[in-house]
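Student: return atomic coordinates for the entry below.
(one chain, ligands or ions: 2)
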Amino acid sequence: MFSRAIKPVTSVAAQNGLKKFSTTSQKNFKVVVAGAAGGIGQPLALLLKQNKLVTKLALYDIAPVTPGVAVDLSHMDTPAKVTGHQGPDQLADAIKGADVVVIPAGVPRKPGMTRDDLFNTNASIVRDLAACVAKNSPKAIVAIITNPVNSMVPIASEVMKKAGVYDANRILGVTTLDVVRAAAFIGEINGVDPQTVSIPVIGGHSGVTIIPLLSQSKPAVKLSDQAKIDALTQRIQEAGTEVVKAKAGGGSATLSMAYAGARLTGSVLRGLNGESNVVECAYIKSDLTEATYFANPVVLGKNGVEKNLGFGQLNDYEKKLLKAAIPELQKNIKTGEDFAKK
Ligand SMILES: NC(=O)c1ccc[n+]([C@@H]2O[C@H](COP(=O)([O-])OP(=O)(O)OC[C@H]3O[C@@H](n4cnc5c(N)ncnc54)[C@H](O)[C@@H]3O)[C@@H](O)[C@H]2O)c1
Ligand SMILES: O=C(O)C[C@H](O)C(=O)O
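Tutor: Ligands and ions are numbered 1, 2, ... in the order given. Below is the predicted model:
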């Protein structure tokens with residue numbers, strides 16, 4: 001009858017599924033969402049509020065609703081303390097002490113637009129946010145969702161260089177949605193739980209620069225001929241446009257992006273927290289190809305990117321995809337670097 005009284009108290013970490021860690025090894029992390037009032041920002045903040053590694057969640061946006069979004073989330077019974085910061089005067093306070101800054105700030109596509117069409121508006125937004133990170137939390141890991149990702153990561157990198165705080169391992173372009181989509185589509189084709197599918201998607205995050213390595217899918221994709229492989233590849237490359245068209249002027253992917261962004265941020269935090277073998281695809285500074293930024297699987301650790309795992313053997317079809325992607329990536333990278341150097 002006394003068994004309940006002598007039962008060992010389960011640690012918070014164990015209750016949260018972090019069984020490998022004792023409560024003492026669990027660090028407290030501050031995560032900032034810049035663009036927190038938007039279509040991605042709000043559900044991303046909702047998901048991050050549920051991550052037990054997040055003890056401070058700072059929501060920044062220029063939109064007047066931002067403090068209200070913070071109050072709303074602060075009523076959730078999870079540990080993260082939520083603060084709202086609206087407008088440039090409150091940006092530094094949001095950023096100070098950040099371990100991770102996730103950036104979904106900026107305009108999304110409408111039907112008929114390419115991601116590059118967003119450059120003129122979004123480039124200065126990312127530049128200014130990166131400058132504030134450089135000044136107030138230079139060691140933070142910066143995860144950039146804003147499009148065009150292929151150009152935004154070079155912009156943030158150049159800003160950090162100018163400020164003398166550049167660390168290539170701490171700036172990531174978020175390509176997780178491409179991986180999530182590839183796994184979802186393959187799961188459907190193979191008739192298996194998509195969560196059991198492992199599929200690297202390399203290159204960048206737009207059209208031909210998105211290269212799903214279907215030959216490396218585990219389990220193998222159950223597609224019999226090359227025409228079907230080609231159709232699936234194109235579907236993954238154009239999945240963003242599929243959503244833009246379906247939303248018919250109401251924006252681009254927000255909910256699936258929030259899910260993917262929360263996954264990437266969670267993985268970054270697990271790496272910072274000392275967990276080993278945390279692997280995600282991300283768009284980073286790279287010397288693997290002629291494109292100076294490139295996405296592929298990386299190990300995330302205590303200082304951001306710990307190891308670039310490369311992309312292994314490509315088949316002839318994938319080699320062709322890579323060949324088509326490189327000039328586009330180089331162009332996108334140059335556009336970003338030229339802008340930041342102005
Ligand atoms: N990487 C990816 O896979 C991926 C996926 C989907 C969308 N995106 C991109 O994410 C971005 C955001 O998309 P969305 O649907 O959330 O757009 P949205 O318009 O719904 O939200 C954007 C938010 O950014 C805010 N904002 C604008 N300027 C700002 C500034 N200077 N500082 C802080 N916040 C600012 C706006 O007020 C708004 O709340 C777009 O560029 C979109 O193309 C990327
Ligand atoms: O397609 C877009 O414009 C948004 C995003 O890049 C996506 O892939 O859904």
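
Student: ok, and the closest non-adjacent residue to P200?
Tutor: The shortest distance from P200 to any residue other than its chain neighbours is 4.8 Å, reached at L213 (CB to CB, 6 or more residues apart in numbering). In short, each C-beta sits where N, CA and C put it, glycine included.

Student: wait, the one you found touches I199, no?
Tutor: Yes - between L213 and I199 there is a contact at 7.0 Å, judged by CB atoms under 8 Å.

Student: picking that back up, what number of residues lie near the residue nearest to P200?
Tutor: 24 (other CB atoms under 10 Å).

Student: contacts only, for it.
Tutor: 199-202, 311-312, 314, 318 (CB atoms under 8 Å, 6 or more residues apart in numbering).

Student: these in strands, which ones?
Tutor: Counting by DSSP state E, the part of those found in strands is 201-202.

Student: nearest to ligand 1 among the contacts of L213?
Tutor: V201 (10.9 Å; CB to the nearest ligand atom).

Student: and the closest one, what pLDDT?
Tutor: pLDDT, V201: 98.

Student: what about the nearest residue to it once chain neighbours are set aside, which SS state?
Tutor: In this structure, V201 finds its nearest non-sequential neighbour in D178, 4.2 Å apart by CB to CB, 6+ apart. Recorded secondary structure, D178: helix (DSSP: H, G, I helix; E, B strand; the rest coil).

Student: tell me the residues of the stretch 1-150 of the chain that contact ligand 1?
Tutor: Residues of the stretch 1-150 of the chain found near ligand 1, taking CB under 6 Å from any ligand atom as the criterion, are 34-35, 37-41, 60-63, 104-109, 118, 122, 125, 145-147, 149.

Student: quick check on the residues you listed: which are buried?
Tutor: Buried members of these, counted by 16 or more other CB atoms under 10 Å: 34-35, 37-41, 60-61, 104-109, 118, 122, 125, 145-147, 149.

Student: quick one, strands of the stretch 151-300 of the chain?
Tutor: In the stretch 151-300 of the chain, the strands defined using DSSP state E, counting those that start in this stretch lie at 171-173, 201-203, 210-212, 278-285, 293-301.

Student: buried set for the fourth one?
Tutor: Right, strand 278-285. 278, 280-285.

Student: least trustworthy helix or strand in this structure by mean pLDDT?
Tutor: helix 3-6 (a mean of 28; mean pLDDT, DSSP states H and E).

Student: just give the closest residue to G203, not the sequence neighbours.
Tutor: I211 (4.1 Å).

Student: now that neighbour: how far from N315?
Tutor: 12 Å (CB to CB, to the nearest Å).

Student: flag every residue of the stretch 201-342 of the chain that's near ligand 1.
Tutor: Close to ligand 1, as judged by CB under 6 Å from any ligand atom, the stretch 201-342 of the chain has residues 205, 251-254, 257.

Student: reformat the residues you listed as TSV; add pLDDT and distance to G336.
Tutor: Output for these, formatted as TSV (pLDDT from 0 to 100; distance: CB to CB, whole Å):
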residue	pLDDT	distance to G336
H205	98	13
G251	96	23
S252	98	20
A253	98	22
T254	98	24
M257	98	20
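
Student: now do the contacts for the residue in the stretch 101-250 of the chain positioned nearest to ligand 2.
Tutor: Nearest residue of the stretch 101-250 of the chain to ligand 2, counting by CB to the nearest ligand atom: G240, 2.3 Å away. Contacts for G240 (CB under 8 Å, 6+ apart) come out as 109, 115, 177, 252-253.

Student: OK, contacts around the closest residue to G38 other than its chain neighbours?
Tutor: Using CB to CB, 6+ apart and skipping the chain neighbours, the partner closest in space to G38 is P104 (6.1 Å). Neighbouring residues of P104 by CB under 8 Å, 6+ apart: 33-36, 38, 40-41, 44, 145-146, 257, 261.

Student: what do you get if the cut-off is 10 Å, keeping everything else the same?
Tutor: 33-36, 38-42, 44-45, 61, 143-147, 174, 254, 257-258, 261 (CB atoms under 10 Å, 6 or more residues apart in numbering).

Student: then V192?
Tutor: 183, 186, 219, 222.

Student: ok, and the most crowded of the residues you listed?
Tutor: I186 (26 neighbours).

Student: look up how far ligand 1 lies from that one.
Tutor: Look at I186 and ligand 1: by CB to the nearest ligand atom, to the nearest Å, they are 18 Å apart.

Student: how about that residue: what's its closest non-neighbour residue?
Tutor: With CB to CB, 6+ apart as the criterion, I186 has its nearest non-adjacent residue at 4.9 Å, and that residue is V197.
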